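J.: compute the structure for the input listed below.
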Amino acid sequence: ITILLGSLLALHQENLKKRLAYSTVSQLGYILLGLVMLNENAFTGGILHLINHAVIKITLFFCAGAIYIKTGKKNISDIKGIGRKMPTTMVCFGIASISLIGIPPTNGFVSKWYLALGGLGANKILFPIILLVSALLTAGYLIPIIVTAFFPGEEEEEKPKRDEAPLKMLVPIVILTSIVVILGLFPNPILHFIEGIATKLI
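T.: A predicted model of the protein is given here:
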């Protein structure tokens, strides 16, 4: 219930930071379910998603903060075309969003894959279905932000002057986004560490 409710609340939130905050409620539901299913895959997925979600969500909040610092705008409807003005920030926002949805080759895909395997291993067929529905809802509240950021429509025909966030904000965003991709492409070191813990505890 928490997973789906958090996603539904996020879907109807106009304030960007509040939308991200409601999405956190949903993602924490994944983590808790992974930990209580009491099998190695689910436990591994839960702990891994705890780490992955932290990196993803910090990236998204940093991007939202950078947008606010440069434009003073908080609402999603007010940042149409922002991808043309702040392309690096919004590309990073897009990559982190894709990861939160659970699309490869990002870290979010790896942890959600293990959570789904854990659900199947515990004979809880409903859990992978909930994961899929929630992923679609996550796409529903994040993808439109990215699309309108880069393709705002006819009312924004003129290409605005590029005006990125300050370097001291942009560098951490780029580093965090790189971690999102690196942990998706090379998950084995951290997976082996978590699996070792899971084997001892379960």
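J.: element containing the residue nearest to the spatial centre of the chain, please.
T.: Geometric centre of the chain, nearest residue: Leu100, 2.5 Å, by C-alpha atoms, centre = their mean. Leu100 is part of helix 87-101, with elements assigned from DSSP states H and E.
J.: distance from the chain centre to that helix, please.
T.: How far helix 87-101 lies from its chain's middle: 8 Å, per C-alpha atoms, centre = their mean, to the nearest Å.
J.: same check on stretch 133-150?
T.: 10 Å.
J.: and that stretch, which residues are buried?
T.: By neighbour count with 16 or more other C-beta atoms under 10 Å, stretch 133-150 contains the buried residues 134-135, 137-139, 141-142, 145-146, 148-149. C-betas here are computed from N, CA, C, even on glycine.
J.: what inclination does the longest helix seen in the chain have with respect to helix 87-101?
T.: As assigned by DSSP state H, the longest helix anywhere in the chain is helix 40-71. Interaxial angle of helix 40-71 relative to helix 87-101 (axes from the mean of the first three to the mean of the last three C-alpha atoms, to 10 degrees): 150 degrees.
J.: what is the helix or strand that helix 40-71 is followed by packed up against?
T.: Counting by DSSP H and E, the element after helix 40-71 in chain order, helix or strand, is helix 82-85. The contact analysis (3 or more C-beta pairs under 8 Å, 6 or more residues apart in numbering; DSSP states H and E) places helix 82-85 against helix 40-71, helix 87-101, helix 126-150.
J.: with respect to Phe186, which of those lies nearest?
T.: With C-beta to C-beta as the measure, helix 40-71 is the member of the helices and strands packed on helix 82-85 nearest Phe186 (13.1 Å).
J.: mind checking how far the residue nearest to Ile3 when sequence neighbours are not counted is from Gly46?
T.: Distances taken as C-beta to C-beta, 6 or more residues apart in numbering put Gly29 closest to Ile3, at 3.8 Å, once the chain neighbours are dropped. The gap separating Gly29 from Gly46 is 11 Å, by C-beta to C-beta, to the nearest Å.
J.: that's all I had, so thanks and see you.
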